[in-house]
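*Asks:* just coords:
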């Protein structure tokens, strides 16, 4: 039936119903005609009901204000409070000591491990041994994960007064979560704040030496498991799926930090073969291990994989270190000795993939904003000129921009090894590339 026919049918039906209703009303009125004596008899007035007041309007309750942020405490006190709260509020183990492993804590913005996160882990182990004998702490390894233990994840992130990762950072937000791999649920959580000056955020060797940074789904799943969860939530499936790779990466990082580069290389390569092995920590680790072992050709090939990963993820932040207030690289060969190879690999991979690039410079918040904007643009233009010099095919396929300090990842303004990423140069593919 067409729309017009249905509409006409509804009108006709309504008309018929209205006609029957009118007829019924006429019959009713005829049946109710009073006799003459009833008309002449005096009638008692019909009482009129008093008007009733309309019901009061229902007012929705005002939304509850957000809870105030936790107080800013000394580093040791913040860690102790958070650890005690998590282990006190978690359900008691069924029987005997419960195994618990710590998936190494990270910075919530960068995914980096630092001296501060290492210190937190050591302190948690001490708290468990002293106050919670019902738990047995073990390293995160493929073997320990087979027991489906409880697992701790945590982030340690510089934040502003509103607990946001923008503007002037005034404290570290420490998030600690316990998950139960038997049930697949989050069973305890705590959040604390620690004083900025109390924490040593210097990255561990593997992260300090890493040449490139970009957002990584595996790290994002870890951070979300801590920061975007509440007690009773299921553990993020992406996080669980990456646990085997994470355990191998943790062992590889420890080996690298201890100077055991052959062992680190083997572990990183093994992690690469797992289902979640396609991640930046693995590619950076292979490159760093090959470099430390003096394998220059293998290191160049590994760096090419790093660049390819960044281009696939549409973001490649490279830690070029410049002289203060300058567009020239630092003269220390320890830092800048490999920059030539980095630029060559970036240029060749970009050219081979037929990408166009936006090259964006960044600075820390130190100094006047106008000066930072100008300096970040000049550094981007310098990298742009170097890339075009290595591969002339990139001319007219790159554009330079300066972001100043508006997109800081760390934001503490210390201008040392703790906030190198705030002084990065980012390369982002532009689409479409004509």
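*Replies:* Yep, that arrived. All values reported here derive from a predicted model rather than from experimental measurement.
*Asks:* Going by C-alpha atoms from here, please, whenever you check contacts or count neighbours.
*Replies:* Will do.
*Asks:* how about the strands of the chain, start to end?
*Replies:* Using DSSP state E, the strands of the chain run over residues 72-73, 98-102, 135-138, 150-159, 171-180, 185-195, 212-213, 316-318, 356-361, 398-402, 425-430.
*Asks:* Name the surrounding residues that touch the fourth one.
*Replies:* Okay, so that is strand 150-159. Counting contacts by C-alpha atoms under 8 Å, 6 or more residues apart in numbering, the residues outside strand 150-159 that touch it are 98-109, 117, 165-166, 168-182, 196, 222-223, 225-227, 410-412.
*Asks:* now it and strand 171-180, what's the angle there?
*Replies:* Going by axes from the mean of the first three to the mean of the last three C-alpha atoms, to 10 degrees, strand 150-159 is angled at 160 degrees with respect to strand 171-180.
*Asks:* Begin at 4, not 1, for the rest of this chat.
*Replies:* Taking 4 as the first residue, the last one we looked at is strand 153-162.
*Asks:* need the contact list for residue 256.
*Replies:* When contacts are counted by C-alpha under 8 Å, 6+ apart, residue 256 is found next to 209, 267, 288.
*Asks:* so what's the first one scoring on pLDDT?
*Replies:* Predicted confidence (pLDDT) at residue 209: the value is 97.
*Asks:* Ok, the last one next?
*Replies:* According to the model's per-residue confidence, residue 288 sits at a pLDDT of 98.
*Asks:* one step back: of the strands of the chain, which is nearest residue 205?
*Replies:* Between residue 205 and the strands of the chain, the tightest spacing by C-alpha to C-alpha is seen for strand 153-162, at 12.5 Å.
*Asks:* nearest to residue 375, of the strands of the chain?
*Replies:* Residue 375 sits nearest to strand 401-405 of all the strands of the chain, at 8.4 Å, using C-alpha to C-alpha.
*Asks:* hmm, back to that, out of the contacts of strand 153-162, which end up buried?
*Replies:* Among the contacts of strand 153-162, those buried by neighbour count (16 or more other C-alpha atoms under 10 Å) are 102-112, 120, 168-169, 171-184, 199, 225-226, 228-230, 413-415.
*Asks:* Residue 143 reaches residue 102, doesn't it?
*Replies:* No - under the contact definition of C-alpha atoms under 8 Å, residue 143 does not touch residue 102, with a separation of 10.7 Å.
*Asks:* hmm, back to that, including mean pLDDT and distance to residue 132, could the strands of the chain go into JSON lines?
*Replies:* What follows is the strands of the chain, written out as JSON lines (pLDDT from 0 to 100; distance: least, C-alpha to C-alpha, whole Å):
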{"stretch": "strand 75-76", "mean pLDDT": "96", "distance to residue 132": "23"}
{"stretch": "strand 101-105", "mean pLDDT": "96", "distance to residue 132": "12"}
{"stretch": "strand 138-141", "mean pLDDT": "95", "distance to residue 132": "8"}
{"stretch": "strand 153-162", "mean pLDDT": "97", "distance to residue 132": "15"}
{"stretch": "strand 174-183", "mean pLDDT": "97", "distance to residue 132": "17"}
{"stretch": "strand 188-198", "mean pLDDT": "97", "distance to residue 132": "18"}
{"stretch": "strand 215-216", "mean pLDDT": "96", "distance to residue 132": "36"}
{"stretch": "strand 319-321", "mean pLDDT": "95", "distance to residue 132": "41"}
{"stretch": "strand 359-364", "mean pLDDT": "97", "distance to residue 132": "47"}
{"stretch": "strand 401-405", "mean pLDDT": "97", "distance to residue 132": "50"}
{"stretch": "strand 428-433", "mean pLDDT": "95", "distance to residue 132": "44"}
